[in-house]
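*Asks:* Predicted model, plus sequence, below.
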Amino acid sequence: MNAALQGSLLAPFAGALLVLLVPEKLKARITLVVSLVTAGLALGVVREVMRDGVVHERAGGWGAPLGIDLAADGLSAIHLLMTAVVGLLLSLYAFYYFRSYDDGRKARARSLFWPFWLMLWGSMHALFLSGDLFNLYVVLELIGLAAIGLVILTGSREVLGAGMRYLMVAMAGSMSYLLGVVLLYGMYGTLDLGSLNALAEANPLTRAACVVMTVGLLMKTAVFPLHFWLPPAHASATAPVSALLSALVVKGSFYILLRLWFGVFADVVTPAMGWLLGAMGAGAILWGSYQALRQARLKMLIAHSTVAQLGYLMFLFPIVAGAMDAGGAYQLEAAKGTVYHVLSHALAKASLFLSAGLVMTAAGSDRLRDMRGLAERLPLTIFTMALAGVSLMGLPPSGGFIAKWLIAHAVLGSGQWWWIVFVVGGGLLTAGYMFLMLRSAFLERQDGDPDLPGRVSPAMEYAALALALAGVLIGIRAAGLLDIMMIGNPFGFTGGGL
Amino acid sequence: MNAWLPIAVVASSLVTGIVIFFLPEHRRGVRSLLNIAGALLKLFFVGWMAVGMIRGETYESRFSIILGFDFLLKADPLAMLLVGLSSVLWLLTTIYAIGYLEGWKNRSRFFGFFSFCVTASVGVALAGNPITFFIFYEFLTLSTYPLVVHRGTDEALRAGRTYLWYTMAGGALVFVGTVWLHVLVGSVDFTEAGVLRFMDASLYPQFSIIFFILIAGLGVKAALVPLHGWLPVAMVAPAPVSALLHAVAVVKAGAFGIVRVVYDLYGVAFADARGLLTPLMLAAGFTIVYGSVRALTQDDLKRRLAFSTVSQVSYIALGVSMLGPLATIGGLVHLVHQGLMKITLFFCAGIFAETVHVKKISAMNGIGRRFPWTMGAFTIGALGMIGVPPVAGFVSKWHLGLGALGSGNGLVILVLLASTALNAGYFLPILYRAWFRDPDGPWDEHMPVRRAEAPLLLLVPCIITAALSLAAGLLAGSEWSPLALARIIASREYVP
């Protein structure tokens, strides 16, 4: 019986139920308490992993193949850590953000936010702790439903349209994934990832399973050209929701993709498949950045930036599927860099979307041209956005720099040097749209400009700032995090001499 | 003890900058005090380090960040050249800026980034390996951008965008070169007389490609033609910023990076043997002539000075690109000399613009009568740029000329001669107008009664830098001159 492991699952789900039942004025406060407990328990799991290595747990006393197995290794721990930091600060932000939502439709949106958010958080935990393909499917559906619920909270026509598109894609992605699960179960008679890793052979049917599961997960991760649903959904939702969608939700399906490509499908994938994914990543960077550069609205810009940044995660696959060097040194390095990008993007993007919420409150709109003069009005928020931008651009000393360094190093070292063009060029394009965004805030106000009406709560500003600072901090303290990530050898490479 | 001193040198302005950011706008006195205190403290640490180095101490701070790459700050003589220049000029420019920005908005933001800018510049100097260098090189880009766009006008923001595209692209190239090198040879530190020459010969072709990637990336900040486009545009920045950009920070970071790459990464003899120096020499020579030609036709004083910078900074690259201690000395010493002279010129331009709103050369008729001290300083700077003895610029050109002859690059002499003629061609008319024409401008030609010709906070730094330009030339033979330090460095770079 492992208290932290089970508790980290129980607390958010129980909290979600509780929040549904309690009266309106308690919901926000209880969510905050549950967030603290959940984050604390997640940190407890991380500490256990650091102390004991891989942690196993058989929920309900049944082991594989019948019961629900929980397991946490270094990769799970890193993702739990990320979710805890983002989740806690997000709850704090939301606590103040939804204070103004106190009439009619807005009040309903507010009261639904808390349970959906906690359910999503719990599902993310379940995702990172599951070691079984069917459980992962269930969790993936839960995440999808919670996320769509959060998108359509306010019930405006705009979000309903975006939510519908999101729902369709999420369903199609899940079906595609489930088809692969069925194929694997038919062949090997088990869904436990550990057993499958040992059993899987490189035959056509397994390869087919690999293809359909990968496609399904790529849809949910919104990788170009399967990204079309993301910008409207992420841009039209409320600020805290946009933040958690961009920072956490898309990383969930990517996490499964990582597990599969480094586990069950490690010997099944072909260089061509890796290449295709790499090309999709390159396309994502170019297309997402191009779109971000032509947006007139802040949140659309940030949402398209997510499309572009997700592209960086794809260069791992051609390297993994390509020729192996001694001990897989560059494969390992690419994996580390990619997970680091997941982390630093989560922190920076959450910070950006939260800042966008503050900008909307202060300026009354999220049009870039209405941001004039904000650098004087909201210096801290604009500073936060710049800091998050530094991480997204991959400049030192941020976490984004560590990620970019590792990915670029692996790309050059593995001999697939052509990807460097996109890795580095993407950074330049990011700089382009980041400064487009900041530029509008630094413009002088003119006489005809409308007043900047709204006041913002300092706590919200600090929550966004804390996320951006964390994004820089993980660059300075990279060694420790990379050590945690490697506990239990989640990528299956020894890494040779590097 | 010796490990924290390089950190203290970097931190003295970093901490100052952070504190200033949190200072309310109206706390002018505290802010000025902090600025000056930070600058003096840095100067003190640098002096301490210099004295220690003469006594044979070594100063090095090293931290491991992640597998196989160190954050390394190391004080070697070459680093001291730029650190010394930066810390002295930072103090003077800070004083100037306090006077210049009197009554402007957002001064806390300005001085915060101003301090960061010097932090980055000192970091670039002390960086002991390519990765640390890159970190500060990018930090410099980020900290100077807000200074360039500080006015917040459309023009400033457009200039800022140009500046960013150029410098970010340059930074990306430096990144690629650094990573590639790391893949091939792991973590290497800058080592006197070079380190790559000890590596496996099969890597040499890749080294050559990396060399050009790095030089192209650094050439953006060093304003090598055709990568110089940002420099004349960035002139919209406030005068102290232009002064710092042109003398210490940005262009020097680029030029200094080229010096590091050629001498301490590749080794000048190795680079020469691989045929890498000739393209650099051609680019530098072309830039010197091109910048001067463009300067001839500019009527805007700061723009003329900007094109003059394009030309003059490439003297450093020119000296670096020739094999031979004399050329090395000429290039290195110009790093300091150009800084002293150019900052003087920009200080003067700022004084004219602020006090009587004269920005065009055509409006400078007779301005020497209204501003005898300022124009005197300007004259020293201008004559130095032309290379008239005994101002510092002459010492640079003399060594470059000897170095060119010594290394068998006789044609370079022609470049130097052409450049001298062109420098005279665009500086002497200014001097003529200012001293010998009658005032006809819209400004009041009479000197203020019982007051200095310009605010002392602006005038004094300007006179000091002019005096330093003169002293660096007059006392070039002393053992404390920039020339002496350049000699020491050169003697160490040519050890077999």
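*Replies:* Structure's in. What do you need?
*Asks:* Write out the residues of chain A neighbouring chain B.
*Replies:* Contacts of chain A with chain B, taken as CB under 8 Å from any CB of the partner chain, map to A:376, A:379, A:390, A:393, A:395-397, A:402, A:404-405, A:408-409, A:412-413, A:420, A:424-425, A:427-428, A:431-432, A:435, A:439, A:442-444, A:476, A:478-479, A:482, A:498. Every C-beta, even on glycine, is put in place using the N, C-alpha and C of the backbone.
*Asks:* Would you agree A:A335 is in contact with A:M486?
*Replies:* No. A:A335 is beyond contact range of A:M486, at 9.6 Å (criterion: CB atoms under 8 Å).
*Asks:* These two: which is more packed in?
*Replies:* Higher neighbour count among A:A335 and A:M486: A:A335, with 28 against 19, using other CB atoms under 10 Å in any protein chain shown.
*Asks:* List the contacts of that one.
*Replies:* A:258, A:262, A:316, A:320, A:491, A:493 (CB atoms under 8 Å, 6 or more residues apart in numbering or on different chains).
*Asks:* wait, what's in contact with residue 283?
*Replies:* All of this refers to chain A. A:G283 sits next to A:224-225, A:311 when contact means CB under 8 Å, 6+ apart.
*Asks:* The intended chain is chain B.
*Replies:* Contacts of B:A283 by CB under 8 Å, 6+ apart are B:219, B:224-225, B:314, B:317.
*Asks:* farthest pair in these?
*Replies:* The two members of the contacts of B:A283 with the most space between them (CB to CB) are B:V225 and B:A317, at 11.0 Å.
*Asks:* What distance do you get for the residue in the stretch 301-450 of chain A that chain B sits nearest to to A:L482?
*Replies:* In the stretch 301-450 of chain A, the residue that lies nearest chain B is A:P396 (4.0 Å; CB to the nearest CB). Distance, A:P396 to A:L482, by CB to CB, to the nearest Å: 16 Å.
*Asks:* tell me which strands and helices the helix or strand of chain A with the lowest mean pLDDT is in contact with?
*Replies:* Least confident helix or strand of chain A, by mean pLDDT, DSSP states H and E, is strand A:55-59 with a mean of 79. Where contact means 3 or more CB pairs under 8 Å, 6 or more residues apart in numbering or on different chains; DSSP states H and E, strand A:55-59 is packed against helix A:3-21, helix A:24-52, strand A:68-72.
*Asks:* any idea of the mean pLDDT for the second one?
*Replies:* In this model, helix A:24-52 has an average pLDDT of 93.
*Asks:* Next, the angle strand A:68-72 makes with it.
*Replies:* 70 degrees (axes from the mean of the first three to the mean of the last three CA atoms, to 10 degrees).
*Asks:* From the chain's centroid, how far away is helix A:24-52?
*Replies:* Centroid separation between helix A:24-52 and its chain, computed with CA atoms, centre = their mean, to the nearest Å, is 19 Å.
*Asks:* helices and strands around that helix, which ones?
*Replies:* Identification of packing neighbours for helix A:24-52 by 3+ CB pairs under 8 Å, 6+ apart yields helix A:3-21, strand A:55-59, strand A:68-72, helix A:74-97, helix A:104-129, helix A:478-485.
*Asks:* Comparing those, which yields the minimum mean pLDDT?
*Replies:* It's strand A:55-59: among the helices and strands packed on helix A:24-52, that one has the lowest mean pLDDT, namely a mean of 79.
*Asks:* Tell me the strands beside that one, with direction?
*Replies:* strand A:68-72 (antiparallel) (DSSP bridges).
*Asks:* contacting residues around the partner strand?
*Replies:* A:2, A:5-6, A:9, A:45, A:48-49, A:54-60, A:62-63, A:80, A:128-132, A:135, A:192.
*Asks:* how close does A:L196 sit to A:D267?
*Replies:* Distance, A:L196 to A:D267, using CB to CB: 12 Å.
*Asks:* Actually, B:V251.
*Replies:* 54 Å.
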